[in-house]
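Visitor: Give the three-dimensional model of this entry:
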Amino acid sequence: MEYLVAMSTNVPDGTSRATVDDVRAREAEHSRELAAQGHLLRLWRPPLQPGEWRTLGLFAAGTALELEDVLASMPLRIWRSDEVTPLSPHPNDPRRARPPDATPEFFVGYTIAVPDGTPAHVVEELKAREAERVRELAEQERVLRLWRPPAAPGEWRGLGLWRASDAAALTTGVASLPLYVWFTTEITPLSPHPGDPAAAP
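Guide: From the prediction side, this is the model:
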């Protein structure tokens, strides 16, 4: 199973620069080991406030307990808090694993609200057209991954990893999805992380 982990690090006041550098170096080395084991899949930097130290990580583990063991083994955990979101498979997931390049990446979270009274055949037709459009966008390497995060009963939610030249191009791509007429979206621009396993040679 895959998990999205938002990691926030707060170094205690008075910690020496040498100590911080040592922990960061050990973190980088251990992250490479976790990537080799198949536990750490991707790392990104979300938008940050001045002085903020946050990272988004995509992890794989058999169970939530196994994931906790993985996270607890990371040297920065001594100063870090983690927020874990389990990600279920999405039927339209293209599972693209293109190595990062200069093209920006974005997380697109969405909730779909189908208007009351919409005939079931209309919903099914739009879902079929949606799957086809996602396949087209994946072939263009604009949609890399799709997941289903936790949702309330009856709620319809998704999370996508997209590539686009800029925010305007991303918006155009998302708006081309047939189900977009019912979307509420939350977009997170992602910056490269120096420890991203996908960027390793």
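
Visitor: where do the helices sit along this structure?
Guide: With helices called from DSSP state H, the chain shows them at 17-36, 64-72, 120-139, 167-175.

Visitor: for the ones you listed, which one sits closest to residue 5?
Guide: helix 64-72 (6.8 Å; Cβ to Cβ). C-betas here are computed from N, CA, C, even on glycine.

Visitor: how does the chain divide up, domain by domain?
Guide: Using automatic domain parsing, the domain parsing of the chain gives 2-88, 90-191.

Visitor: ranges for the strands of the chain?
Guide: Shown for the chain, the strands assigned by DSSP state E span residues 2-9, 40-45, 54-60, 80-89, 105-112, 143-148, 156-163, 183-192.

Visitor: What ranges in this protein fall below the confidence cut-off?
Guide: Scanning the chain for pLDDT under 70 picks out 97-100, 201.

Visitor: picking that back up, minimum distance to residue 200: which of the domains of the chain has it?
Guide: Proximity to residue 200 (Cβ to Cβ) singles out domain 2-88 among these, at 7.1 Å.

Visitor: For that closest one, measure first residue to last.
Guide: For domain 2-88, the first-to-last residue distance is 7 Å (Cα to Cα, to the nearest Å).

Visitor: if we can go back for a sec, could you dump the strands of the chain into a markdown table and include distance to residue 198 and mean neighbour count?
Guide: Below are the strands of the chain laid out as a markdown table (distance: least, Cβ to Cβ, whole Å; neighbours: other Cβ atoms under 10 Å):
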| stretch | distance to residue 198 | mean neighbour count |
| --- | --- | --- |
| strand 2-9 | 14 | 18 |
| strand 40-45 | 5 | 21 |
| strand 54-60 | 9 | 20 |
| strand 80-89 | 17 | 15 |
| strand 105-112 | 10 | 19 |
| strand 143-148 | 10 | 21 |
| strand 156-163 | 11 | 20 |
| strand 183-192 | 10 | 14 |
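
Visitor: circling back: residue 199: which of the domains of the chain is closest?
Guide: domain 90-191 (5.1 Å).

Visitor: Give me the distance between stretch 152-171 and the centre of its chain.
Guide: 10 Å (Cα atoms, centre = their mean, to the nearest Å).

Visitor: Other residues contacting that stretch?
Guide: Contact with stretch 152-171 is made by 4, 87, 90, 98, 103-114, 141-151, 173-174, 187, 189, as judged by Cβ atoms under 8 Å, 6 or more residues apart in numbering.

Visitor: End to end on it, go ahead and measure it.
Guide: Terminal residues of stretch 152-171 lie 26 Å apart, using Cα to Cα.

Visitor: just stretch 34-54 next, same as before
Guide: Using Cα to Cα, the end-to-end distance of stretch 34-54 comes to 19 Å.

Visitor: hang on, the earlier thing: and the helices of the chain as TSV, adding distance to residue 193 and mean neighbour count?
Guide: Below are those laid out as TSV (distance: least, Cβ to Cβ, whole Å; neighbours: other Cβ under 10 Å):
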stretch	distance to residue 193	mean neighbour count
helix 17-36	10	14
helix 64-72	16	15
helix 120-139	23	14
helix 167-175	19	15
